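Student: Mind looking at a prediction? Sequence and model below.
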Amino acid sequence: MKEELIENEITVIGGGLAGVCAAIAAARLGQSVALVQNRPVLGGNASSEVRVWVCGATAHGINRYARETGIMGELFVENQYRNPEGNPYLWDLVVLEAVKAEPNITLFLNTDVHEVQAQGDEVDRTITSVTGWMMGSERRITFKSKFYLDCTGDGLIGFLAGAKFALGREARSEYGEEWAPEVADDITLGSTLLFYTKDAGMPVNFVPPSFAKDIAATSIPIRRVIQSGDSGCHYWWIEWGGEHDTVHDNEKIRDELWSVIYGIWDYIKNSGKFSAENMTLEWVGSMPGKREYRRFIGDYVLNQNDIIAQREFADGVAFGGWSIDLHPPQGMYAEASGSKHQHADGVYSIPFRSLYSANVRNMLMAGRDISASHVAFGTTRVMATCAVIGEAAGTGAALSSRLGITPRQLHDQQLPLLRQTLLRQDASIIGLLNADPLDLARQADVRASSTRSVLALEHPAAACPLRQDVALLFPVDPGFSGFELLADAETDSEITIELWDTGRKENYVPHALLSTATAAVQRGTQQWVRFSLEWQPSEPQNAFVVIKANEAITLHISAEPLSGVLTFYKKAQPHAPQNLEDHSMEQLVLRWAMQGQARQPLCFRLASPTLAFAAGRVIDGYRRPFGGPQQWMSAAVQEGQPEWLELSWQQEQALAELQLTFNDDVNEDLINLHHHRTPFTVIPELVRNYRLEALNGSGEWQEITRITNNRRRTVVHRLEQPVQTRGLRVVIESTNGSRYAEVVELRAYSEAGA
């Protein structure tokens, strides 16, 4: 046996997306990090070993402008480019390369940490070291660090360290949660095994193993959706173990899940009810994907009421948006639907106090073991949300290490530093403005070569019969007077519209009815119908205009999208089959859906100009849509005529680091595996080719650097030598498909990586 001692400032145990993002975040802030994973690949439930698709705040397109940025956003965008087919092994590579790109991370795969040394009493404990066994190498490795992050999912490290935790469902009285049971119990969400199929191009037989379950003798064919073409995560409902111990009974649960998978495949292949002659099994999982086990107690326990009310936390450091998604204890054998969902009206915040242990002073947690009630955990558990939590926890650990304080002291003494550091790293904290005193761009004047000043989409590409209520969302900045729709009418008729606000600036649902208007329409095609509708709100925000159903009317869908403009369709039916998913249509984000047409807004125009895309938006403090698009957009780019943005200062500045954030359309729902396929590999709105120029002493623009084939949202330029200048230009030569140059934010610093 080989004994080793590894010393780093931070040790992250668990290589799922939470651990990966925590390690990268800490490493980028200059801390030495050991990332320890007990499997041969990174990614946890998202890896090729388990193959769960990465869900997050978009909730598969239910929430708008909700895709994660920061490190998780980088992984999404890079995977979209390199792996549009959703190959699980290529996704493994995307995650692995992101870790290997960080020189401050030392990666330990196949290393199972199962010993923890800690000191102190049960109220105030400190981890002094953790020890793991590297399988295949016979290495016993002890890790000593200032701080430890439990990203194990099951919470083994904190448990061995004596951290306070919860397991099972709390009583309703504990947090006043509507969905909690009257009496507390040990029930958790169960585990799942997945499988892949493929068409072999020839008839394939299947002889089931002796342990395959006869599912025709169970309630499964009646209660669940079985289709021969589905595979992978479509069978997320093959779930069991909620009434067992999902850790100690892991092998029992695995065997039961195997028996059902092979039974389902026998049913598909041999029952004669499906056209599956040429289908064969390509892959069957061998490691159950666990949903729930221990949840640690932090200084705050996030609960159902916080989620549904979208509570604003002063220490908010991450966000989520998946529904509260709870499954019946009996899993696949339950008579109830496979899951029930409760959605907030938009995304919600997660506080830093839920990311560090209440009684282990140097332990933070990220992923599904954070400080949340069982009900709230029903939404925070999905992997993209776990990932942004990981980035926040890793950033908190790095700053605590650098400052020599505990995470609790960081919260109490340096909370603005933590939140502003996360913003600088492009993590999303909903509604928080850039207040970084080191950002020189905040004191600059901004101008641009051109600006889109008209809100209009006038070129139709497809028809939209007005058989149901339809809505159009657009920015009202500073206001508008006069609203028009492009419409056809089979007979003389009229169109009635309603003007609503959205309430909170992060929400995209109708909130309060402001006014209504009706306009007569004569029989004819492609006519602009004008409504006496106007609004001059006290501050910029979004308008939600509902167009009432009229079967005599057809509207038109625009030939191109426009950032900040969305179309919604009012739904009357449940979101999914009731025996699979139970969604109440009383929930606004379900009632008003994009129906897969996120980039297909209606043709409309406003008579008054807009300031929503003014050049000054790049220093207004926002890094994502919030009550409007919050970005600069040029007029249409002309061939051979670059567009530019310019920062200018009264006094000469020394520029050492420049940070550019381009529009990667966070409304586009990207996915790592095979849930759906996006038709482009690079977001069209992203700037592709650009150059940076500085104003020299002779008053001429001198090139600093030039970038080609960019496909990233945020690009940081650290200059070899600081540039002394009073002016900086970003000259945009081309995009990845959009006709407009779009920039979300510009930052400038006198020190690189400060």
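Tutor: Everything's here; your move.

Student: And the helices in this protein?
Tutor: For the chain, applying DSSP state H gives helices covering 17-28, 70-82, 88-100, 156-161, 172-175, 220-223, 250-270, 304-308, 374-380, 383-403, 407-424, 588-591.

Student: for the second one, what is the average pLDDT?
Tutor: Spelled out, that is helix 70-82. Here helix 70-82 scores 97 as its mean pLDDT.

Student: Pull out the buried positions in that helix.
Tutor: Applying a neighbour-count criterion of 16 or more other Cβ atoms under 10 Å, one finds G70, I71, M72, G73, E74, L75, F76, V77, E78, N79, Q80 buried in helix 70-82. Using the backbone N, CA and C atoms, a C-beta is placed for each residue, glycine as well.

Student: Against which helices or strands is it packed?
Tutor: Packing partners of helix 70-82 (3 or more Cβ pairs under 8 Å, 6 or more residues apart in numbering; DSSP states H and E): helix 17-28, helix 88-100, helix 383-403.

Student: Let me know which of those is tucked in deepest.
Tutor: Highest mean neighbour count among these (mean count of other Cβ atoms under 10 Å): helix 17-28, with a mean of 31.

Student: That one: how far from the chain's middle?
Tutor: Relative to its chain's centre, helix 17-28 lies at 16 Å (Cα atoms, centre = their mean, to the nearest Å).

Student: How is the chain partitioned into domains?
Tutor: Here the domain assignment for the chain is 2-170+292-424, 191-284, 440-450+613-749, 456-606, based on automatic domain parsing.

Student: Check the ones you listed for me and report the most buried one.
Tutor: Compared across those, domain 2-170+292-424 shows the largest average neighbour count, a mean of 22 (mean count of other Cβ under 10 Å).

Student: And the longest strand along the chain, what does it pack against?
Tutor: Across the chain, the longest stretch assigned as strand under DSSP state E is strand 714-735. On a contact count with 3+ Cβ pairs under 8 Å, 6+ apart, strand 714-735 meets strand 643-662, strand 687-695, strand 701-707, strand 740-749.

Student: Let's have the ones you listed in JSON lines, adding distance to D154.
Tutor: JSON lines is the format used below for the helices and strands packed on strand 714-735 (distance: least, Cβ to Cβ, whole Å):
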{"stretch": "strand 643-662", "distance to D154": "36"}
{"stretch": "strand 687-695", "distance to D154": "43"}
{"stretch": "strand 701-707", "distance to D154": "43"}
{"stretch": "strand 740-749", "distance to D154": "38"}
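
Student: quick one: low-confidence ranges for the stretch 51-200 of the chain?
Tutor: Across the stretch 51-200 of the chain, nothing is flagged by pLDDT under 70.

Student: follow-up on the earlier one: please identify which of the helices and strands packed on strand 714-735 is closest to N434.
Tutor: N434 lies closest to strand 740-749 among the helices and strands packed on strand 714-735, at 7.4 Å (Cβ to Cβ).

Student: and the closest one, which strands flank it?
Tutor: Strand 740-749 has the following sheet partners, assigned by DSSP bridges: strand 632-636 (antiparallel), strand 643-662 (antiparallel).

Student: which one of those strands lies closest to G289?
Tutor: When those are ranked by proximity to G289 (Cβ to Cβ), strand 643-662 comes first, at 33.9 Å.

Student: orientation of the closest one relative to strand 701-707 in degrees?
Tutor: Per axes from the mean of the first three to the mean of the last three Cα atoms, to 10 degrees, the angle that strand 643-662 makes with strand 701-707 is 40 degrees.

Student: The residue lying closest to N205 once chain neighbours are set aside and D199, how far apart?
Tutor: The shortest distance from N205 to any non-neighbouring residue, by Cβ to Cβ, 6 or more residues apart in numbering, is to K269 (7.9 Å). From K269 across to D199, the span is 13 Å (Cβ to Cβ, to the nearest Å).

Student: low pLDDT regions in the stretch 301-450 of the chain?
Tutor: Ranges of the stretch 301-450 of the chain meeting pLDDT under 70: none found.

Student: on that earlier part again, tell me which of the helices of the chain lies nearest to T188.
Tutor: Checking those against T188 by Cβ to Cβ gives helix 374-380 as the closest, at 7.6 Å.

Student: quick one: contacts of that closest one?
Tutor: 166, 168-170, 175, 177, 179-180, 188-189, 292, 295, 301-304, 306-307, 320-326, 348, 350, 368, 370, 372, 385-386, 389 (Cβ atoms under 8 Å, 6 or more residues apart in numbering).

Student: now swap in stretch 156-172 and tell me
Tutor: Residues from elsewhere that reach stretch 156-172 (Cβ under 8 Å, 6+ apart): 13, 113-116, 118, 122, 125, 127, 130, 148, 150, 155, 177-178, 180-188, 293-297, 357-360, 363, 365, 369, 373-375.
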